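# Just need the structure, nothing else, for what follows:
(one chain, ligands or ions: 1)
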Amino acid sequence: MSADYDIIIIGAGPAGYVAAIRAAQLGMKTACIDRWLAADGKPALGGTCLNAGCIPSKALLESTEQYELAANGFAGHGIRIGKLELDLAAMHARKQGVVDRLTRGIERLFKGNGITWLQGEGKLLGPGKVAFTAHGKSRPEELASDHVIIATGSTPIELGGAPLDGTVVVDSTGALAFDEVPKRLAVIGAGVIGLELGSVWRRLGAEVVMLEAQDRFLPVTDGEVAQAALRLLRDQGLDIRLGCRLMTTRVGKAEATLDYTDGEGKSHTFKADRVVVAVGRRPLSDDVYTQESGLLLDERGYIHVNEFCETNLPGVYAVGDVVRGAMLAHKGSEEGCMVVERIAGQSTTLDYGCVPSVIYTQPEIAWVGRTEEDLKTAGEAYHKGVFPLAASGRAQARGETDGFVKLLASAETDRILGAHIVGPGASELISEATIAMAFQASAEDLARTVFAHPTLSEAVHEAALAVGQRAIHMATGRKRQG
Ligand code: NAD
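Down below sits the predicted model:
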């Protein structure tokens, strides 16, 4: 049977839609299957990231940051305003406008690249064989394709102690759409999503209590960054309680009563009018393949792949949240590009040690590469350079002086091994370190680069200088030759 397509991609999130565009650029006859239906019932491209994740959350984070600035920050700049009012409906409408513009943008990119958008369910039947059931149809049609990429993403993990009811107890999607500001918001899980959504509602006036099971705040981040971020976020009013285990949630008409135990095993009870469960996400792999296909998964439901995202089946690949590695949109997009470029005969690889992460709190938290704890555990000698933003002219002018830039470099080769930032603009600053690492730069390379003044980027330059104990705008407390 001749193939209907050169490549079929199941899932049109950032991993799948980017793979589809790249495949079409490389001349492949491409189809992308996606089942997402927006709130208005219409099919939409972009997956969780565009429709219910990265983009709407960033729109709300941006709006609420402006609100908080108007409430508390303007006076310091000598700007007085009258009574501040919140129009939450308008804020949500703006958020939706951002989402709609971007999802329609992908639609146009699909059209422009000649990609076939198949709206409905896709299921792998075996190498080169996919069942497609269009929305509203019950019978699947069988499609043949030389290559198949599974990019079905992830879904929130549910918690036995806090079953979702969609009104009082919600997941991250529900927490992006509260139609009024909760008086008291409980957030279960002080990870990336919990911190971002907790910040949104705190800025609008909610009292936010966050229960986190682990004793160490943000264990994936560098210890010094985690400590600083915890202090700053608590100072803002996020009541982050570490080492706490949620036992039960009793849901009344408009509020919930939560029972939890703290790190010492003591029981506590408190009430909240909304509860957000943000305890992680799991791969969405359950219904994307048939048993007969022979596709191999690991014990946690991730589709098993090698470093090139090849599954155990010939011509079948999987990328993004549905495979091992950090659940990050950009990691999925790059995996998608790698797979199609390799299909096209290129020798593309992905450096998983050089993928940046960002938490969009205020200040932002961003990192790439190895942490100090990693290096200590591995017994690798390193030098570190830390530069506080309080010593940056631009940070002072902006009135945002909390945080620092920290660079870690090999003691042997001076190669940059990691960068860790907590501070304003960290999401953008981290790319400077990422580019340097991608080019295998040394701290000396960055130290000898000219940075514009006055910019926040100078803090990256100064941190690189600090690796060699020669930061200019910070006393090092010791004399140094050379
Ligand atoms: P996460 O793993 O970042 O955080 C979940 C937190 O919940 C962890 O700290 C965990 O210890 C805690 N937890 C687990 N069970 C618990 C329990 N029973 N009681 C209390 N705490 C509990 O996961 P997330 O925040 O849900 O995000 C999911 C994924 O999506 C992550 O991989 C994240 O990187 C990704 N994401 C990234 C961004 C971004 O790049 N800015 C934004 C959103 C999500």
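
# Show me the domain layout of the chain.
5-156+282-350, 169-279, 354-467 (automatic domain parsing).

# ok, the longest one near the ligand or not?
If I follow you right, that is domain 5-156+282-350. Yes. In terms of CB under 6 Å from any ligand atom, part of domain 5-156+282-350 sits within range of the ligand, namely Ala326, Met327, Leu328. In this view, the C-beta of every residue, glycine as well, is placed from N, C-alpha and C.

# buried subset of those?
Met327, Leu328 (16 or more other CB atoms under 10 Å).

# The ligand: which of the residues of domain 5-156+282-350 next to the ligand is nearest?
Nearest to the ligand among these, counting by CB to the nearest ligand atom, is Met327 at 3.4 Å.

# so is that closest one in a helix, a strand, or just coil?
Reduced to three states with DSSP: H, G, I helix; E, B strand; the rest coil, the structure at Met327 is coil.

# Excluding chain neighbours, what is closest to it?
Closest residue to Met327 in three dimensions, ignoring its sequence neighbours and counting by CB to CB, 6 or more residues apart in numbering: Asp321, at 4.5 Å.

# ok, the one you found touching Ser154?
Yes. Using CB atoms under 8 Å, Asp321 makes contact with Ser154 at a distance of 3.7 Å.

# Do a quick rundown of the strands in the stretch 101-250 of the chain.
Using DSSP state E, counting those that start in this stretch, the strands of the stretch 101-250 of the chain run over 116-126, 129-134, 141-150, 154-156, 169-170, 184-188, 207-211, 239-241, 245-251.

# mind putting these in JSON lines, mean neighbour count and mean pLDDT included?
Compiled in JSON lines, the strands of the stretch 101-250 of the chain are given as follows (neighbours: other CB atoms under 10 Å; pLDDT from 0 to 100):
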{"stretch": "strand 116-126", "mean neighbour count": "19", "mean pLDDT": "98"}
{"stretch": "strand 129-134", "mean neighbour count": "19", "mean pLDDT": "98"}
{"stretch": "strand 141-150", "mean neighbour count": "21", "mean pLDDT": "98"}
{"stretch": "strand 154-156", "mean neighbour count": "19", "mean pLDDT": "97"}
{"stretch": "strand 169-170", "mean neighbour count": "22", "mean pLDDT": "97"}
{"stretch": "strand 184-188", "mean neighbour count": "25", "mean pLDDT": "98"}
{"stretch": "strand 207-211", "mean neighbour count": "23", "mean pLDDT": "98"}
{"stretch": "strand 239-241", "mean neighbour count": "17", "mean pLDDT": "98"}
{"stretch": "strand 245-251", "mean neighbour count": "16", "mean pLDDT": "96"}
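
# and of the ones you listed, who's closest to Ser293?
Between Ser293 and the strands of the stretch 101-250 of the chain, the tightest spacing by CB to CB is seen for strand 116-126, at 4.7 Å.

# Stretch 425-440 and the ligand in contact?
No. Among the residues of stretch 425-440, none lie within reach of the ligand under CB under 6 Å from any ligand atom; the closest is 8.5 Å away.
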